[in-house]
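Asker: Have a look at this fold, sequence not included:
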């Protein structure tokens, strides 16, 4: 297996002067994450030469993540709007599609003046009965950590959102609707800061629907305190579009704003790599408009 470039495997905190050239990288937890009891093999890119290409390109499949980290990508000062988004790559809670659904998303966000923060959460899942649990813990901690850095990073603490793809969409969605009900015992003062995103973008999310039934799982409880959300899904996605439609319908019931884009075709796992003739891959344009409409960016 090929290791990732050293940039992705940094441990600890880099100097904040590194914003312009390289991402600021910092650990999500001050020590071992909650519930960790065993050592995994070294973190590595598990992509194989024969793996399917996305828009003609390979992707990084990052596996064996034991040390959750944030990689902070800042827009140029003249574009910076003060908004930020924590990005949760997908990968079925087995791996992280780290570039396709992570760093490439940060690049797009930087172009529209938003700080993109890629969350490297724990994979593979630790508990087969609660596949998303460790990832949601990492997501909640990441939101509090980013908000704790708002003044230092010149972010608006009330315009910090979360964006997730597939399994990462499940993470972003669950962090959004838990409304500061932390899924772990507090470890320091950072955990006294809200972990609720101010908005959420869910791209072909999974894990919300009760398998084989047109309803949400019992643990997906949506209240009026959920943030506004933006959804993208293809009708022919093997991760059923009901994940987005049912979730959005529940938001409507409790009076929370949502925008839903469902495309006839597109499948799953396209990220934001544009492909001619596949309208679903142009979703970033609609998302940018939504962020402007919601006064997240100017």
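Answerer: Cool, the structure landed. All values reported here derive from a predicted model rather than from experimental measurement. Residues are numbered from 1 along each chain as shown.
Asker: give the contact list for residue 175.
Answerer: By C-beta atoms under 8 Å, 6 or more residues apart in numbering, the contact list for residue 175 reads 136, 139, 140, 143, 162, 195, 196, 197. For the C-beta atoms, the positions are set from N, CA and C on the backbone; glycine is no exception.
Asker: before we move on, which element is it in?
Answerer: helix 167-177 (DSSP states H and E).
Asker: residue contacts, residue 105?
Answerer: Applying C-beta under 8 Å, 6+ apart to residue 105 gives the contacts 87, 116, 118, 163, 271, 272.
Asker: please redo it, this time with the cut-off set to 10 Å
Answerer: Shown in contact with residue 105 (C-beta atoms under 10 Å, 6 or more residues apart in numbering): 73, 85, 87-89, 99, 116, 118, 163-165, 168, 201, 203, 271-272, 284.
Asker: out of the residues you listed, which are inside strands?
Answerer: Secondary structure from DSSP state E places 73, 85, 87, 88, 116, 118, 163, 164, 165, 201, 203 of the contacts of residue 105 in strands.
Asker: closest to residue 155 among these?
Answerer: Among those, residue 85 lies closest to residue 155 (C-beta to C-beta), at 10.5 Å.
Asker: I figured that closest one hits residue 197, correct?
Answerer: Yes. Taking C-beta atoms under 10 Å as the definition, residue 85 is a contact partner of residue 197 at 8.7 Å.
Asker: Find the residue at the geometric middle of this structure.
Answerer: Central residue of the chain (C-alpha atoms, centre = their mean): residue 88, 2.0 Å from the mean position.
Asker: can you tell me which of the contacts of residue 175 are in strands?
Answerer: residue 162.
Asker: ok, of the contacts of residue 175, which one's closest to residue 215?
Answerer: Residue 215 lies nearest to residue 136 out of the contacts of residue 175, by C-beta to C-beta, at 20.8 Å.
Asker: ok, now which ones touch the closest residue to the closest one other than its chain neighbours?
Answerer: In this structure, residue 136 finds its nearest non-sequential neighbour in residue 174, 5.0 Å apart by C-beta to C-beta, 6 or more residues apart in numbering. Neighbour list for residue 174: 132-133, 135-136, 139-140, 164, 183, 205, 207-208, 219-220 [criterion: C-beta under 10 Å, 6+ apart].
Asker: Give me the buried entries from the residues you listed.
Answerer: Buried subset of these (neighbour count, 16 or more other C-beta atoms under 10 Å): 132, 133, 135, 136, 139, 140, 164, 183, 205, 207, 208, 220.
Asker: What segments of the stretch 51-200 of the chain are helices?
Answerer: 104-111, 133-148, 150-153, 167-177 (DSSP state H, counting those that start in this stretch).
Asker: looking at the ones you listed, which is closest to residue 246?
Answerer: Across the helices of the stretch 51-200 of the chain, residue 246 has its closest neighbour in helix 167-177 (11.3 Å, C-beta to C-beta).
Asker: Now do the strands in the stretch 151-298 of the chain.
Answerer: Under the criterion DSSP state E, counting those that start in this stretch, the stretch 151-298 of the chain contains strands at 160-165, 200-203, 229-234, 258-263.
Asker: Give me the buried positions along stretch 212-224.
Answerer: 216, 220, 222.
Asker: In contact with the first one: list those residues for me.
Answerer: For residue 216, the contacting residues are 208, 209, 210, 222, 242, 243, 246, 247, 249, 250, taking C-beta under 10 Å, 6+ apart as the criterion.
Asker: tell me which of the buried ones among the contacts of residue 174 is nearest to residue 279?
Answerer: Closest approach between those and residue 279, by C-beta to C-beta: residue 205, at 19.1 Å.
Asker: Nearest to residue 68 among the buried residues of stretch 212-224?
Answerer: Closest approach to residue 68 among the buried residues of stretch 212-224 (C-beta to C-beta): residue 220, at 23.1 Å.
Asker: For the protein, give me the ranges with low pLDDT.
Answerer: Filtered on pLDDT under 70, the chain yields the residue ranges 1-21.
Asker: let's see 50
Answerer: Low-confidence segments of the chain, defined by pLDDT under 50: 1-20.
Asker: dump the residue contacts of residue 149.
Answerer: Going by C-beta under 10 Å, 6+ apart, the list of residues near residue 149 reads 16, 24, 26, 70, 72, 84, 117, 155, 157, 160, 190, 193.
Asker: Give me the neighbour count for the last one.
Answerer: As a burial measure, the neighbour count of residue 193 was computed by other C-beta atoms under 10 Å and equals 16.
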